[in-house]
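Visitor: Have a look; sequence and predicted model below, questions after that.
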Amino acid sequence: MRNQQATQLLFELSRPGSAAPRLPACDVPQRPVGELLPAWALSEDVPPLPELSEPDVVRHYVNLSQLNMSVDTHFYPLGSCTMKYNPKRNERLASLPGLADLHPYQPESSIQGMLELLYECQAFLAEISGLPGVSLQPAAGAHGELTALLVAAAYYRNRGEQRSVVLLPDSAHGTNPASAAMAGFRVVSVGSTAEGMVDLDDLAANLDGQVAVLMITNPNTLGLFEGQIAEITRMVHDVGGLVYLDGANMNAIMGITRPGDFGADLMHFNPHKTFSGPHGGGGPGAGPIAVTGALEPFLPSPVVVKDGDRFRLDEDRPKSIGRVRGFFGNTGVLVRMFCYILTHGPDGLRRASENAVLNANYLLSRVKPFLSVPRGTRCMHEFVASASELKAQRGVSAMDVAKGLLDRGFHAPTVYFPLIVREALMIEPTETESKATLDAFVEALFRITEEDPQVLHDAPHTTPVSRPNEVQAARQPVLKAGKN
Amino acid sequence: MRNQQATQLLFELSRPGSAAPRLPACDVPQRPVGELLPAWALSEDVPPLPELSEPDVVRHYVNLSQLNMSVDTHFYPLGSCTMKYNPKRNERLASLPGLADLHPYQPESSIQGMLELLYECQAFLAEISGLPGVSLQPAAGAHGELTALLVAAAYYRNRGEQRSVVLLPDSAHGTNPASAAMAGFRVVSVGSTAEGMVDLDDLAANLDGQVAVLMITNPNTLGLFEGQIAEITRMVHDVGGLVYLDGANMNAIMGITRPGDFGADLMHFNPHKTFSGPHGGGGPGAGPIAVTGALEPFLPSPVVVKDGDRFRLDEDRPKSIGRVRGFFGNTGVLVRMFCYILTHGPDGLRRASENAVLNANYLLSRVKPFLSVPRGTRCMHEFVASASELKAQRGVSAMDVAKGLLDRGFHAPTVYFPLIVREALMIEPTETESKATLDAFVEALFRITEEDPQVLHDAPHTTPVSRPNEVQAARQPVLKAGKN
Amino acid sequence: MPYLPNTISDQQAMLDAIGVSSTDELFAMIPDALRLKRPLDLPPGMGELELTRHMTALAARNLPAGQSAGFLGGGSYDHFIPAVVDVIASRSEFYTAYTPYQPEASQGTLQAMFEYQTLITQLTGMDVSNASMYDGASAAVEAVLMALSATRRKRVAVARSVHPETRQVLETYLTNLDVAIDLVDVPEGAVVPDDAQRAVTEQTACLLVQQPNFFGCLEPMDELSRIAHAQGALLVTVVDPISLGLLKRPGEYGADLVAAEGQSLGCPMGFGGPYLGILACSEKFVRRMPGRLVGETTDRRGKRCYVLTLQTREQHIRREKATSNICTNQGLLALRASVYLALMGPQGMRQVAELCLQKTRYALEQLTAGGVLKPAFNRPVLKEFTLRAAGENAAKVVEKALAEGMLVGPSLGRWYPELDGCLLVAVTEKRTRDDIDRLASLLA
Amino acid sequence: MPYLPNTISDQQAMLDAIGVSSTDELFAMIPDALRLKRPLDLPPGMGELELTRHMTALAARNLPAGQSAGFLGGGSYDHFIPAVVDVIASRSEFYTAYTPYQPEASQGTLQAMFEYQTLITQLTGMDVSNASMYDGASAAVEAVLMALSATRRKRVAVARSVHPETRQVLETYLTNLDVAIDLVDVPEGAVVPDDAQRAVTEQTACLLVQQPNFFGCLEPMDELSRIAHAQGALLVTVVDPISLGLLKRPGEYGADLVAAEGQSLGCPMGFGGPYLGILACSEKFVRRMPGRLVGETTDRRGKRCYVLTLQTREQHIRREKATSNICTNQGLLALRASVYLALMGPQGMRQVAELCLQKTRYALEQLTAGGVLKPAFNRPVLKEFTLRAAGENAAKVVEKALAEGMLVGPSLGRWYPELDGCLLVAVTEKRTRDDIDRLASLLA
Ligand SMILES: Cc1ncc(COP(=O)(O)O)c(C=O)c1O
Ligand SMILES: Cc1ncc(COP(=O)(O)O)c(C=O)c1O
């Protein structure tokens, strides 16, 4: 039933002359282009783009879309990514012309509604984090990490301190060390205990006056709350360091505990996770950060401030690190975040977290009997199972399990992360899934553990393509059409 | 990969208590319902609707949608239905609040833009049909037929004539006789010639003073233009009858020939065919009709008129048949029609017809070598092939061919209509399909003619379900969930 | 041309394959004398940007009732439409498909229609629903036609409180069918049972009543049901689907046939259409149903699936003997209604009905507090009521509101000469107390 | 809560299965002392109708530049977005999926990204494009970082005519990296080759230039390319994708790395984001590319398919040694740009560029005809130009236009003190002659 023709590459579907002129005739006096622009600046030909009619473009992309799994079609328990339901009302409202059609350089008097919205966003995040200084500028979580580390660097520079080290647990997400490196820091890894928590001895051993920042994820990437977090932050503060919280897992703790209250000095949010911004097949996200009052002066410029009843962009921030991107930020994502927070209110956010944790623990309790979950009998909003026993006993790897799930109509969990669990399957159900869905997922997972291993090695069988040859892809990269 | 769980019935997915309250608290003083409404009027309980959360509703319907073929995903050569591309711009523009959010009883001064648009629609259809009187009220083609026949009846009544017969060719669409019966006429069928045209002798034999209307489809349902149409209309007019044109096939002749010019007195349009209104899985359509000046006074009320530079709804139409539906009409469909006509202009409409005819003839020329096309070597916008030889030789029926096409990623043609061709496959490509698509379709059709018949009897194999047991469905009708 | 994929060279290749030298030759079947020898007299084609400008300009000359304080009633209502409804109805696979003639490739549409049928039976308390009619008015008329054919009688009793446009459509449809209409008057804003008693005789095929009626008032359905059935006539009711969150379901008071305008269930007001004709009936009339019916069955592998069924009722099979001529119906609107009902659930439907009720009552009190406007009838109302403008005429009231960007009406004089000076006011859940207070301070 | 499907009894069943008595117990891992003992201080939750009212009211307090006569420029432009772009980008399967970690269940996203990469190479004339960066500014900075690592040099020459915000971002990123920036002045609205010659030395990693530059003027790219390459420095250009319908592609003048703000390609202005960072390079830098790259390969059955590839560049594999920290990027905007380009095709891109050119020239003439406003520079421009307000200051011009519902700017003083009194005016294909004439009659 699939339409194979329409999903050829755009370039294969192209036929010279089939794209109709799309724009109106020119309504001002026209002059030859050669009179208006110098010859040296002009290309001799038009860019060699494909030529397609509108119906062909539509059919191409609609058919392509159907080759995807997505939250709107499938349970998508991709750990660390918080693939919750993306409310349709937020999409509708974010596309109101009064919000979507604003130019970033409009006079402030013509965007008071937008500035108020963003001002409120700042206030909401300050309240949820317990950290009063907020910048909405970063474009994604990793960008927020980098921004916050630059803030930390500016803070130390301002104090005349030279600190070059960023510490992070070995369970940290890859963006943490990468951000630290980009910000000019040296990365030192701190080990985890058998329970999956930060090893306090190892931390202590690494703490000295060189340490600028400890980056910590809490709940951590194993889905566990660092019970010693107060102790950890105290230890870091004692050597004059700052604690950065990777807020990717805020979905577990909204209204329950606040990073500022447990000692974090800086953090980022992932509105595309916690606050239901759609993931867009790989973005856009946003990465607003929140910091303590002491760090606030160093935040990127501008921030939204309120003078009387007028809102404006404050660019007069002499200690600011400057900008980390053009214009204001990924505003469209922030508008959706704003809608999400307003929809939920304090009670709703807390209940969302409670249910995220309930769903995860329920899954954990049902999965544990047949699939090992190395650390922790309880979890927060996600947990990390391991296929290592399955692999040892039946030769079935985490990857095989993932592919088997695709065949059964479920997206796979995150696999092989965090790195400290072998054959990791990181499962995050989110609160917007029903018990019925979780039960069906458990059933599928269980069946997989009993499935003929060869069937799983060959899986998936029901997807539009079977396993791609990734080695070939990387050895002789073909990164655009028509190359080979 | 399909999500089987989400496509259970809504009622199976329902869980008491899972639907969240959707509306705000009451902001006016509240009184007990029992004080406001009498007990005898109230139900004792709420309607037993299913209870679902918003995420579950979304996932259910998005998954259901993927079980369909549609124009946006597949070539859909359903004869007589003109499944052309539905322009996305029309959808966007028809949903502008200034068009979509209007109440039918708003004061005329608050809807001048809408009235102008509808006034223009009337004028456009008058010009395209060559018939000056237009009513936009009917909700679909069949409704237009009925309306026009009621107009004809009123016209005769007004003249004091008693005419009780509606003639129609045996190739007519089922709505024609059904509409005639609903309008109170007796139906008499006129035979076709071997070439698929109206048999003029038979027509002559049936023409007398009882004949109110000849309903004719031109191009006819075989995709042929009645070359004798001028003679036919003259004959009908000679006995004082009227000629009704079923405009379902206007896509072949826009700007090329006009029903009014070839002698039709009344006609309907199908904007959901000719003018690209989306078919919506079975509507909405619209069925505006156009009539001669003599019949204009009998059109339904209201019509849009222009006084100076103001537009208004004229309800003061003493000879009018009255209303055929509530409110103005299927306005949203008319807005899309308006967009379509404005996009094309005179030149574009003509070219659309030319290309519809070109595409059909190309298909015809390529299909003919391996599948018989009983009538005509040329066609207009569609043609009717026959699987009767295939059936005789290989046992493969039109239905088998249809199912084989589904497996190859094409929607099937209309089958078993018109009734005068055995094992009919009525193929209408429309102008919005590319040669590449037509070629792929021909290839698929050819393969089917060579395919193992058993494979075709068992087809389709790749659709979400195989052939349904229709006999069982009709014998013990299960028309709602939870009945058996 | 924006939607023609074939290039000049494609076209040439196709002409070559056909064996003609120009497209024009393909039209040789059309006698030259009948050809249009000039271009159509229409505005020149427009690109998307120009069209967008043009349509935006036209739209700007309308005042969207849904965005202003709209209190318009009379059968079309400004209820809130959740975003999810738009999202689902704009899925390509739903709105660019057609009637599910190929069930294997149309299970999405078919299952959605089957669910719609079920939802409507749940909402109305009836046995069977079809898959949609054109609109509420034509659905009501088709219900009457069913009653006529089922009873083989030739008279129809109709309450004058049924929407006047519905009655007009009925008259139009019946003109040539040798059926008489007996109107039941409504002196006090609703049918008086005794009047109904007189109008319904042994020759009456059905009694047609609307609940709440056109004036917003409640009709005594239990009694009317008894009256109709006592004469062997059928009870045909036209209902407001929103009201069924509170009011008795037609099945509960014995209606035989139910029609409704489904616009309130997630369909835009759209200046009157496309709307949704709901039509439901008791089991025994199922083979007289017009329109599409979807049934459950199994496929060759025993898997549950859905098909169009009982098609021998329909025009494409039965032609002049069909139960109706309807073919294209309002499928996409039925889908909208289903999504709406699925989102609302029983509690949501109750909530919306009650919000309308409370706000309507509040508005009635506020608007009549000053004495300028008076309630035309003293009867229970749900989401709409009739006011009489003392001294002033109704059109002036409408204009006065409009001048402040508020919309009320319609005024009733054009349909009910005796109610000249009266107008309808409808209050949906979208109206706030503030909206109501503003209107009251302007008009009361 | 609107998005929680579990009922009270589901929750109870789940707690039972877990073996705890309350949800609260599940949070036992969190020390009591760290718990928030009060509700968050946020407004109470809102239903969809209330939220709609609230957001509509906020939106009403903004003047949508896209709907007024918007002549704003400076890196964000009011180009027309075909409806098809919105339709495709709002397909659930695209926008509610994530990074295609499971290629078998993500071929839609992967193929669309692969096509995007190809389209960008076609548009820019470069060898390789990645699958998107955050925005134009950060893409430019990442390009500079690539140049730094590729050349192992420690200086960057930057034209002052590069968007000031891009330069600010560059400064921010470089603060701790021990790299020096050498600014190339632009006395006449564009780089003077001799100045560039002086700024680019053997220590220079790259020369960063923008075409057309921030003032709307064209830079002498051929010469700048020669100057950079003569010193072994790389040429990093920032381009306006729309301009490439007419102007030389960066690949044609030897750019090594190309960054662009892709907003013009079908993305709403959205008050500055989400936008699309385009980043393309020559083949030899591919392994230094930040971000996602999609490659073609075959599946086990030999079928062509697509995967994320060269992942050893990326943070999740290489951690602190990765080419960048980027993870979530701007996938949906890349999809929008692809659909836009696929619809426009080569001729469409040429047409939009030329319409901008013609209208811009017309606007420049009309606006400077009265002598109140003067062109700040005497250089060829494409879709944007800089005006100097004689006597009056730029902010007043902006305010004057705004008073009539027209938007111009930004004014340049805040970035270029010497250009206080200057402002930008951009003219896209959406602006009509009438818009331009109205603006001119107001300001000129
Ligand atoms: C734990 C953690 N930290 C940081 C990030 C980076 O966030 P983003 O992808 O928004 O840049 C992620 C994203 O997957 C994450 O899971
Ligand atoms: C030839 C012909 N006439 C009439 C009709 C009826 O039109 P509608 O379905 O719009 O009522 C059709 C629809 O399929 C048709 O093909």
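Guide: Thanks, I have the structure now. Ligands and ions are numbered 1, 2, ... in the order given.
Visitor: what's the burial count for C:V162?
Guide: When counting by other CB atoms under 10 Å in any protein chain shown, one arrives at 26 neighbours for C:V162. Backbone N, C-alpha and C define where each C-beta goes, glycine included.
Visitor: Get me the contact residues on chain A for ligand 1.
Guide: A:80-81, A:140-142, A:173, A:175, A:217, A:221, A:246, A:248, A:270, A:285, A:287 (CB under 6 Å from any ligand atom).
Visitor: Let's see the PyMOL selection covering just the buried ones among these.
Guide: Here is the PyMOL command that selects only those of those that count as buried (16 or more other CB atoms under 10 Å in any protein chain shown):
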select buried, chain A and resi 80+81+140+141+142+173+175+217+221+246+248+270+285+287
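Visitor: what's the helix or strand for C:A17?
Guide: For C:A17, the host element (DSSP states H and E) is helix C:8-18.
Visitor: can you check C:T297 too?
Guide: Using DSSP H and E, C:T297 falls within strand C:294-298.
Visitor: Any part of that strand near chain B?
Guide: Yes: judged by CB under 8 Å from any CB of the partner chain, strand C:294-298 comes into contact with chain B through C:V294, C:G295, C:E296, C:T297, C:T298.
Visitor: So which bits of that strand are buried?
Guide: Quick answer for strand C:294-298 (16+ other CB under 10 Å): C:V294, C:G295, C:E296, C:T297.
Visitor: could you point out which element follows it?
Guide: Once the chain leaves strand C:294-298, the next helix or strand it forms, by DSSP H and E, is strand C:304-308.
Visitor: Which strands and helices lie in contact with the worst-scoring helix or strand of chain C on mean pLDDT?
Guide: Ranked by mean pLDDT, DSSP states H and E, the weakest helix or strand in chain C is helix C:315-318, scoring a mean of 88. On a contact count with 3 or more CB pairs under 8 Å, 6 or more residues apart in numbering or on different chains; DSSP states H and E, helix C:315-318 meets helix B:175-182.
Visitor: what does the helix it packs on rub up against?
Guide: For helix B:175-182, contacts defined as CB atoms under 8 Å, 6 or more residues apart in numbering or on different chains pick out B:141-142, B:145-146, B:149, B:166, B:168, B:186-187, B:189, B:213, B:215, B:217, B:246, C:145, C:173, C:315-316, C:318-322, C:324-325, C:327.
Visitor: Any part of that helix near ligand 2?
Guide: Yes: applying CB under 6 Å from any ligand atom, one finds helix B:175-182 in contact with ligand 2 at B:T175.
Visitor: quick one: that helix to chain centroid distance?
Guide: 15 Å (CA atoms, centre = their mean, to the nearest Å).
Visitor: Using CSV, list the CA coordinates for that helix.
Guide: Extracted C-alpha coordinates of helix B:175-182, given in CSV (Å, rounded to 0.1, in the frame of the first residue of the first chain):
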residue,chain,number,x,y,z
THR,B,175,-28.2,10.2,-8.1
ASN,B,176,-30.0,11.3,-11.2
PRO,B,177,-32.9,8.9,-11.0
ALA,B,178,-32.9,9.2,-7.2
SER,B,179,-33.2,12.9,-7.4
ALA,B,180,-35.9,12.7,-10.0
ALA,B,181,-37.9,10.5,-7.8
MET,B,182,-37.4,12.7,-4.8
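Visitor: Beyond that helix, next helix or strand please.
Guide: Using DSSP H and E, the first helix or strand after helix B:175-182 is strand B:186-190.
Visitor: okay if I get the residues of chain A next to ligand 1 as TSV plus secondary structure, distance to B:T432 and pLDDT?
Guide: Shown next, in TSV, are those (DSSP: H, G, I helix; E, B strand; the rest coil; distance: CB to CB, whole Å; pLDDT from 0 to 100):
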residue	secondary structure	distance to B:T432	pLDDT
A:S80	coil	44	96
A:C81	coil	39	97
A:A140	coil	40	98
A:G141	helix	43	98
A:A142	helix	44	98
A:H173	coil	48	96
A:T175	helix	46	97
A:T217	strand	52	97
A:T221	coil	50	95
A:D246	strand	50	98
A:A248	helix	46	97
A:N270	coil	42	98
A:G285	coil	37	98
A:G287	coil	43	98
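Visitor: As CSV, the buried residues of strand C:294-298 with pLDDT and distance to C:E418 would be great.
Guide: CSV is the format used below for those (pLDDT from 0 to 100; distance: CB to CB, whole Å):
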residue, pLDDT, distance to C:E418
C:V294, 98, 45
C:G295, 98, 48
C:E296, 98, 51
C:T297, 98, 54
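Visitor: Any chance of CSV for those residues, columns distance to ligand 1?
Guide: Below are the buried residues of strand C:294-298 laid out as CSV (distance: CB to the nearest ligand atom, whole Å):
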residue, distance to ligand 1
C:V294, 44
C:G295, 48
C:E296, 44
C:T297, 46
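Visitor: all strands of the stretch 351-484 of chain A, in order?
Guide: With DSSP state E, counting those that start in this stretch, the ranges of strands along the stretch 351-484 of chain A come out as A:383-386, A:414-415, A:424-427.
Visitor: any chance of those strands in JSON lines, plus distance to B:G308, mean pLDDT and mean neighbour count?
Guide: Listed next are these as JSON lines, based on distance: least, CB to CB, whole Å; pLDDT from 0 to 100; neighbours: other CB atoms under 10 Å in any protein chain shown:
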{"stretch": "strand A:383-386", "distance to B:G308": "74", "mean pLDDT": "97", "mean neighbour count": "26"}
{"stretch": "strand A:414-415", "distance to B:G308": "69", "mean pLDDT": "97", "mean neighbour count": "22"}
{"stretch": "strand A:424-427", "distance to B:G308": "70", "mean pLDDT": "98", "mean neighbour count": "25"}
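Visitor: want to throw these into a markdown table with distance to A:P104?
Guide: Below are the strands of the stretch 351-484 of chain A laid out as a markdown table (distance: least, CB to CB, whole Å):
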| stretch | distance to A:P104 |
| --- | --- |
| strand A:383-386 | 41 |
| strand A:414-415 | 35 |
| strand A:424-427 | 37 |
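Visitor: residue ranges with poor pLDDT in chain A?
Guide: By pLDDT under 70, the low-scoring segments of chain A are A:483-484.
Visitor: Now which of the contacts of helix B:175-182 would you call buried?
Guide: Listed as buried from those are B:141-142, B:145-146, B:149, B:166, B:168, B:187, B:189, B:213, B:215, B:217, B:246, C:145, C:173, C:315-316, C:318-320, C:322, C:324-325, C:327; burial here means 16+ other CB under 10 Å.
Visitor: Would the least confident helix or strand of chain C count as contacting ligand 2?
Guide: No: counting by CB under 6 Å from any ligand atom, ligand 2 has no neighbours in helix C:315-318; the shortest distance is 8.4 Å.
Visitor: Quick one: list the elements packing against whatever helix or strand C:V397 lives in.
Guide: For C:V397, the element it lies in under DSSP H and E is helix C:394-403. Judged by 3+ CB pairs under 8 Å, 6+ apart, helix C:394-403 is in contact with strand C:384-389, strand C:406-409, strand C:422-426, helix C:433-443.
Visitor: Could you point out which of the ones you listed sits nearest ligand 1?
Guide: Closest to ligand 1 of the helices and strands packed on helix C:394-403 is helix C:433-443 (CB to the nearest ligand atom; 40.9 Å).
Visitor: doesn't C:T237 fall inside a strand?
Guide: Yes: C:T237: assigned to a strand according to DSSP: H, G, I helix; E, B strand; the rest coil.
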